[in-house]
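**Q** fold the following.
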Amino acid sequence: MSNTISSIQNNLIKDITKLKLKKYRQENNQFLIEGYHLVQEAYSAGLLKQIFYLEECPYKDIESYQVTETVLKKLSALPSPQGIIGVCILPVKKALSDKVLILDNVQDPGNIGTLMRSASSFGFTTIIAENSVDFFNDKVIRSSQGAVFKLNLINTEIISFLKNNRDYSFYVTDLKSDIFLEDINFTSKKIGVILGNEGMGVSQEILNLVDNKIKIKMQNMESLNVGVAGSIIMYEISKGVV
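**A** Here you go, the predicted model:
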């Protein structure tokens, strides 16, 4: 059943607008998405709770509200809203996958979104992060193209995670390493890949804990964007691990 809201002073609109901020997303276990593609992905994942739309509501079984352009702009994070906004429930944490991506202080939302898409594509269906951009930041979600709904996303201390999951073989990117990704035979069933900050790389404390330090063999360049580097590493590992 659809209702109509025409004022940005509406209490529901005021509450939903707060979900633009990480603090309120965490307090309410909810986040916002925008556009028909992401709304479809959220619906398919069973995480769609409410819809706010201008002209057409695709799902009759979801609580929905027809709103004015002014109200939609209030809810939107985009200069030109896409006509529909969804409120989603934060996904429940799942068991760790055999392949895990670990992000240490990755700050660019586009990089996180790219890594989500690659992780989903290459079997790294659990992502661990510390001091990184919020998984449910609007720019991350848009960049992920729906991969955010297909992953097990966990914020936790990386050092503790490494110490508590010693059955995994962990590999960390390090430009000082003498070992190339291409020369490694990835035979372990459980593998974790650790990527670091765009400018600083992985913290020294983490580097000290991980024996397997790797880098990508390149010509003409010293380093790659973390989203590109992580995607290459996950792809190479996915070829060698069934």
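**Q** can you give me the helices in the chain?
**A** Along the chain, the stretches classed as helices by DSSP state H are 11-17, 22-28, 36-44, 69-75, 109-121, 138-144, 158-164, 204-209, 226-240.
**Q** show me the contacts for the residue nearest to residue 108 when sequence neighbours are not counted.
**A** Spatially, and ignoring its direct neighbours in sequence, residue 108 is nearest to residue 198 (5.9 Å; CB to CB, 6 or more residues apart in numbering). Quick note: C-beta positions are derived from backbone N, CA and C, even for glycine. Residues in contact with residue 198 (CB atoms under 8 Å, 6 or more residues apart in numbering) are 106, 107, 108, 111, 225, 226.
**Q** could you chop the protein up by domain?
**A** Per the record, the chain has its domains at 2-89, 99-240, by automatic domain parsing.
**Q** dump those to TSV, plus mean pLDDT.
**A** Output for the domains of the chain, formatted as TSV (pLDDT from 0 to 100):
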stretch	mean pLDDT
domain 2-89	95
domain 99-240	94
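**Q** how many neighbours does the residue nearest to residue 188 when sequence neighbours are not counted have?
**A** Closest residue to residue 188 apart from its sequence neighbours, by CB to CB, 6+ apart: residue 169 at 3.9 Å. Neighbour count of residue 169, defined by other CB atoms under 10 Å: 16.
**Q** burial of residue 180, as a residue count?
**A** Around residue 180 there are 12 residues (other CB under 10 Å).
**Q** circling back: isn't the residue nearest to residue 188 up against residue 193?
**A** No - under the criterion of CB atoms under 8 Å, residue 169 is not in contact with residue 193, lying 9.9 Å apart.
**Q** picking up where we left off before, which one of the contacts of residue 198 is nearest residue 77?
**A** residue 108 (16.5 Å; CB to CB).
**Q** isn't that closest one right up against residue 133?
**A** Yes - the pair residue 108 and residue 133 qualifies as a contact (CB under 8 Å) at a distance of 7.1 Å.
**Q** any idea how far residue 95 lies from residue 101?
**A** 16 Å (CB to CB, to the nearest Å).
**Q** with neighbour numbers in mind, choose between these two.
**A** residue 101 (25 against 6).
**Q** so what's that one up against?
**A** Residue 101 makes contact with 115, 119, 124, 126, 127, 128, 192, 193, 195, 230, 234 under the criterion CB under 8 Å, 6+ apart.
**Q** let's see that with 6 Å instead.
**A** For residue 101, the contacting residues are 119, 124, 127, 193, by CB atoms under 6 Å, 6 or more residues apart in numbering.
**Q** what is the burial count for the third one?
**A** Residue 127 has 24 neighbouring residues, counting by other CB under 10 Å.
**Q** in stretch 16-24, what's buried?
**A** Using 16 or more other CB atoms under 10 Å as the test for burial, stretch 16-24 gives 16, 17, 19, 20.
**Q** most centrally placed residue in this protein?
**A** In the chain, the centroid-proximal residue (CA atoms, centre = their mean) is residue 135; its distance is 4.3 Å.
**Q** now that residue: closest residue in space, sequence neighbours ignored.
**A** Excluding the flanking residues, the one nearest residue 135 by CB to CB, 6+ apart is residue 153, at 4.6 Å.
**Q** pretty sure that neighbour contacts residue 127?
**A** Yes - between residue 153 and residue 127 a contact is recorded at 5.5 Å, counting by CB atoms under 6 Å.
**Q** list the buried ones in stretch 139-154?
**A** 140-144, 146-154.
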